[in-house]
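# coordinates only, sequence not included:
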């Protein structure tokens, strides 16, 4: 754990794809933008080859010089592809005109806005999470949560005004990345007969002690006294935890809590840590 980071617990392994200088991960494409359908004929062979390698091609956008421009994405990474007039070659990157004007970014965002937002949200909905709050809450916030992370516990406590008022439902995507007992405790919560009640009791029981350790400037992982780690994690639960961790890594998130939400415009935003000053941005008005 890094005491200098007062908002999140670093994971044992990290993988960064996109990270802003503020530590926030943002997919901030305007939600009102329309997607463009790819019309017949079929995609050029070069693009089909890229699709087979995992690239998602969404549609086209205007391009000069006889090039045909396609908007694509690899996970949360937007990619602009320019196909040569003969259809045999593809160039990936940013196109500039003679004045140095970027001809790619705005057009790419316009095409990818809704498809990428929908894809990320669908992935989150299909992940393995524990609900915290009313199902009919007007705002849903996903949180990658390690059961041993003191900052996750602090976020749980800080969110109570919104959750208890029925304004926000947190969905805790359980991961076990912080300490050797993290995975076994995450599995115990996911596999509980009543995971909602189990998580609530566990987090609530640590609020006072976590507040004291954080105030002391010497944060430490939550203890195992109130939640016994599973001696053996069943294969089915291990698969779920691995999938959650893989999703977290795919988003370039390397510490817990990592928060994913939709802003007022419907754009998906992600960030590591949740300081109190940012809670209204994430959860909305109290």
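On my side now, so go ahead. Since we're looking at a predicted model, the values are computed, not measured. Numbers count the residues shown, from 1 in each chain.

# rest of the way, CA atoms for contacts and neighbours
Fine.

# can you pull out the strands in the stretch 51-200 of the chain?
56-61, 68-74, 77-83, 90-92, 129-132, 139-145, 168-174 (DSSP state E, counting those that start in this stretch).

# ok, the shortest one: who's next to it in the sheet?
Strand pairing for strand 90-92, determined by DSSP bridges: strand 77-83 (antiparallel).

# name the stretch among the strands of the stretch 51-200 of the chain that sits most buried.
strand 168-174 (a mean of 25; mean count of other CA atoms under 10 Å).

# would you mind measuring from the residue of the chain most remote from its centre to residue 67?
Largest separation from the mean C-alpha position in the chain: residue 86, at 38.7 Å (CA atoms, centre = their mean). The spacing between residue 86 and residue 67, counted by CA to CA, to the nearest Å, is 9 Å.

# now do residue 44
Residue 44 is 13 Å from residue 67, where distance means CA to CA.

# what about those two, which has more around it?
Shown here are residue 44 and residue 67; by other CA atoms under 10 Å, residue 67 has more neighbours (17 against 14).

# residue 80 is in contact with that one, correct?
No: at 11.8 Å, residue 67 does not count as touching residue 80 under the criterion of CA atoms under 8 Å.

# residue 258 touches residue 270, doesn't it?
Yes: between residue 258 and residue 270 there is a contact under CA under 8 Å: 7.2 Å.

# between the two, tell me which one has more neighbours.
residue 258 (27 against 23).

# list the residues that contact the more buried one.
Contacts for residue 258 (CA atoms under 8 Å, 6 or more residues apart in numbering) come out as 8, 143, 144, 145, 270, 271, 272, 273, 274.

# of these, closest to residue 155?
Comparing the contacts of residue 258 against residue 155 with CA to CA picks out residue 274 as the nearest, at 6.8 Å.

# residue contacts, the closest one?
So residue 274 contacts 7, 8, 155, 257, 258, 259 (CA under 8 Å, 6+ apart).

# mind checking pLDDT for the first one?
Which is residue 7. We have a pLDDT of 65 for residue 7.

# residue 50: which element?
Take DSSP states H and E as the rule and residue 50 turns out to sit in helix 45-52.

# please identify which of the contacts of residue 258 is nearest to residue 105.
Using CA to CA, residue 270 comes nearest to residue 105 of those, at 20.1 Å.

# from residue 252, how far out is the closest one?
From residue 270 to residue 252 the distance is 10 Å (CA to CA).

# same question for residue 85.
35 Å.

# kindly report the same for residue 77.
Counting by CA to CA, the gap from residue 77 to residue 252 is 10 Å.

# for residue 172, what are its contacts?
129, 130, 131, 132, 142, 143, 144, 145 are the contacts of residue 172 under CA under 8 Å, 6+ apart.

# mind running it again at 6 Å?
Applying CA atoms under 6 Å, 6 or more residues apart in numbering, we find residue 172 in contact with 129, 130, 143, 144, 145.

# how about the helices in the stretch 1-150 of the chain?
Ranges of helices within the stretch 1-150 of the chain are 45-52, 105-125, 150-158, based on DSSP state H, counting those that start in this stretch.

# sorry, back to before: what's the residue farthest from the centre of the chain sitting at in phi/psi?
Main-chain dihedrals, residue 86, degrees, to the nearest 10: phi -80, psi -10.

# one more: residue 179?
Torsion angles, degrees, to the nearest 10, at residue 179: phi -130, psi 170.

# for burial, what's the neighbour tally of it?
17.

# quick one: low-confidence parts of the chain?
For the chain, applying pLDDT under 70 flags the ranges 1-7, 10-41.

# and residue 225, what does it touch?
If you count contacts by CA under 6 Å, 6+ apart, residue 225 has none.

# so residue 268 is in contact with residue 262, correct?
Yes: the criterion here is CA atoms under 6 Å, and residue 268 meets it with residue 262 at 4.5 Å.
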